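Asks: Take a look and give me a structure for this.
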Amino acid sequence: MITVAVIGATGYAGAELARLLLGHPAVGKLVLASSSAEGESMGSVYPNLLGGQGGNAFPELRFVSPEAAVESADVVFSSLPHGIAEEHAARTRPRGALLIDLSADFRFGDDEATFKAVYGKPYRHPELHAESVYGLPELNRAKLAKAKVIGNPGCYPTSASLGLFPGLAKGVFKTEGIIIDAASGVTGAGKEPTKTTHYSEAADSITPYKIGEHRHAPEIERNLAAMAGRPVEAIFTPHLAPMGRGIVSTIYAPLVSPIEAGALRELYASFYSKEPFVRVLPVGAIATNRNVRMSNYCDISLHLARGGRTAIVISAIDNMVKGAAGQAIQNMNIALGLDEGSGISMLPPAF
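Replies: Here you go, the predicted model:
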């Protein structure tokens, strides 16, 4: 059994990590850390995680300081704003503990120039970035099995990348002219409220934002290039949708040559045949966030337009699970040699 710490456990992704890790069969002790809620109980912040009531209920957990949480944990999940995880990794790495960062700090590996251009901060521990692994299992599973520092992907890049990987890997999609329109639930903006996420602003409206300049775009193009083996140009436009959680990416990919829907679906099904959390839907079905909600699955549906010259790929995930906490636990399972689905194999609810 392992000891796991979650730093930043009062945020949305941190709370989701706590919910999932409390049911993980390999987790013997869970330590939750928060600078803002130290000493408070988890149930007082998130009543859905209220513990301590008879039967098989888990014990009531109280937040400790981040420093105390890091000291003895075998695995540390850092669910903090960008620019903080490096220092925690510097503490965990010497003693061989595994650190999984849910911010962007380790998503670009040793490419400090791109990270600085996108996030405006230099690396303080370049040696940690040089050995870190980007945590998209469908891309880097072999490297993740040996990792000690993992950069969890962004939620939008997860959905977009999984939607495009097979077509790029097999050379059926062109590497330019790709358009990604993606809509995310309000939890994607984080727990701290803003004018944009206020109910009266977000409800009853779908709002495009950061058009042509979203910081996930370089991450997406980097992933696509890694799969295609050459640079890929993609236009990415995010949208805020009036829902709590989920991402639906509608992707337009020009085809090298026309293809039938059944053949394209077979290509995707073959490519993902050994992936436990990617479901390629039958021809005619449409992927929606409703059918992946509260799960670690990515659903993909495939469609054609313009006489079979353009593929339309719909890729749906839960931004809090496969887009954040669930994928982080999937990475932990791989890195520790556990069953990949441990703690995250739940099916989506019907409604």
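Asks: right, and the helix or strand after the helix ranked longest in the chain?
Replies: For the chain, the longest helix by residue count, based on DSSP state H, is helix 155-169. Next in sequence after helix 155-169, counting helices and strands by DSSP states H and E, comes strand 178-184.
Asks: From the contact counts, what lies against that next one?
Replies: Counting contacts by 3 or more Cβ pairs under 8 Å, 6 or more residues apart in numbering; DSSP states H and E, strand 178-184 packs against helix 155-169, strand 234-240, strand 247-254. Where you see a C-beta, it was placed from the backbone N, CA and C, and this is true even at glycine.
Asks: Which residue is the nearest non-sequential neighbour of P59?
Replies: Closest residue in space to P59, ignoring its immediate chain neighbours: G51 at 5.3 Å, by Cβ to Cβ, 6 or more residues apart in numbering.
Asks: the domain parsing of this structure - what is it?
Replies: Domain assignment for the chain by automatic domain parsing gives 2-131, 155-319.
Asks: Tell me which of those domains sits nearest to A145.
Replies: domain 2-131 (11.6 Å; Cβ to Cβ).
Asks: so how far is the first residue of that closest one from its last?
Replies: 23 Å (Cα to Cα, to the nearest Å).
Asks: Check which helix or strand R265 maps to.
Replies: Using DSSP H and E, R265 falls in helix 261-271.
Asks: Tell me what angle that helix forms with helix 155-169.
Replies: Angle, helix 261-271 to helix 155-169, by axes from the mean of the first three to the mean of the last three Cα atoms, to 10 degrees: 110 degrees.
Asks: Give me the contact list for the worst-scoring helix or strand of the chain on mean pLDDT.
Replies: None of the helices or strands of the chain scores lower by mean pLDDT, DSSP states H and E than helix 199-202, at a mean of 76. Contacts with helix 199-202, where a contact means Cβ atoms under 8 Å, 6 or more residues apart in numbering, come from 186, 195-196, 240, 242.
Asks: roughly how far out does that helix sit from the chain middle?
Replies: 25 Å (Cα atoms, centre = their mean, to the nearest Å).
Asks: Report all helices and strands that the helix or strand following it contacts.
Replies: Going down the chain from helix 199-202, the next helix or strand is strand 207-208, by DSSP H and E. Counting contacts by 3+ Cβ pairs under 8 Å, 6+ apart, strand 207-208 packs against strand 234-240.
Asks: Neighbouring strands - and their directions - for the strand it packs on?
Replies: Paired strands of strand 234-240, with direction, are strand 178-184 (parallel), strand 207-208 (antiparallel) (DSSP bridges).
Asks: avg pLDDT for the next helix or strand after the shortest one?
Replies: So the one you mean is strand 207-208. Per DSSP H and E, strand 207-208 leads on to helix 217-228 as the next helix or strand towards the C-terminus. On average, the pLDDT along helix 217-228 is 96.
Asks: How about stretch 10-19?
Replies: On average, stretch 10-19 scores 93.
Asks: show me where pLDDT drops low in the protein?
Replies: Judged against pLDDT under 70, the low-scoring parts of the chain cover residues 52-58, 192-193.
Asks: Against S301, how distant is A202?
Replies: For A202, the distance to S301 equals 26 Å [Cβ to Cβ, to the nearest Å].
Asks: residues contacting G185?
Replies: By Cβ under 8 Å, 6+ apart, the contact list for G185 reads 241, 243-247, 289, 319.
Asks: From those, pick the one nearest V313.
Replies: I247 (13.5 Å).
Asks: burial of the closest one, as a residue count?
Replies: The tally of other residues near I247 (other Cβ atoms under 10 Å) stands at 29.
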